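*Asks:* Just the structure for this:
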Amino acid sequence: MHIHHVRQEVIWPRRSEYHVLTYAEEGFAPLNIHTRGTTITKNQLVEFASRVNDREEGGSLYPLAAVSAVPRSLIRDRQDSNALSLQIEDFFRTNVTSIRAKKVIFDFRTPKVPRFVVTAIHKAIACVEAELIEEVMILDDDAT
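*Replies:* Residues are numbered from 1 along each chain as shown. Next up is the predicted model:
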């Protein structure tokens with residue numbers, strides 16, 4: 001598996017090749033950025049984010065959009081790399097059973113990528129279900 005830290009503008013022209021995992025925050029946030037240009041309506045996006053956050057478990061907009069999300073609280077409030085890692089592992093399991101993406105973008109910018117997020121991603125990548133993934137792009141505006 002290839003893991004790269006990249007700026008959004010580097011990956012943007014090829015974004016349709018990837019499934020995005022972000023956090024469920026509606027508004028000027030990665031979830032909105034990655035669903036622009038899809039058939040997802042504003043109401044659907046609000047409902048999706050609310051459902052993920054209310055249940056405190058990840059969810060996916062697939063097949064309507066190649067976007068999945070973990071609860072907002074993991075990124076904004078708890079900042080617990082172990083809890084986030086478990087959610088990412090759940091995404092990998094869902095990917096194996098239904099999404100089948102081989103390329104994934106992690107977009108957890110708030111606006112910067114917190115260090116605990118990078119730790120969680122690297123920890124989760126060690127799970128067996130991550131083997132389906134060939135390429136991971138971590139969006140990071142500080143990447144060179």
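
*Asks:* Chain neighbours aside, what residue packs nearest to Y62?
*Replies:* Spatially, and ignoring its direct neighbours in sequence, Y62 is nearest to I99 (5.1 Å; Cβ to Cβ, 6 or more residues apart in numbering). Placement of C-beta: from N, CA and C, glycine included.

*Asks:* Tell me what the one residue sitting closest to the centre of the chain is bridged to.
*Replies:* Compute the mean C-alpha point of the chain, and by Cα atoms, centre = their mean the closest residue is L21, 1.3 Å away. Beta bridges link L21 to S68, F106, judged by DSSP bridges.

*Asks:* and the residue nearest to Y62, how far is that from N32?
*Replies:* Distance, I99 to N32, by Cβ to Cβ, to the nearest Å: 20 Å.

*Asks:* what does Q79 give?
*Replies:* Counting by Cβ to Cβ, the gap from Q79 to N32 is 22 Å.

*Asks:* One more: A69?
*Replies:* From A69 over to N32 (counting by Cβ to Cβ), the distance is 11 Å.

*Asks:* hey, where'd the strands end up in this structure?
*Replies:* 2-6, 19-24, 59-60, 67-71, 103-106, 135-139 (DSSP state E).

*Asks:* Contacts only, for the residue nearest to Y62.
*Replies:* H19, S60, Y62, A66, S68 (Cβ atoms under 8 Å, 6 or more residues apart in numbering).
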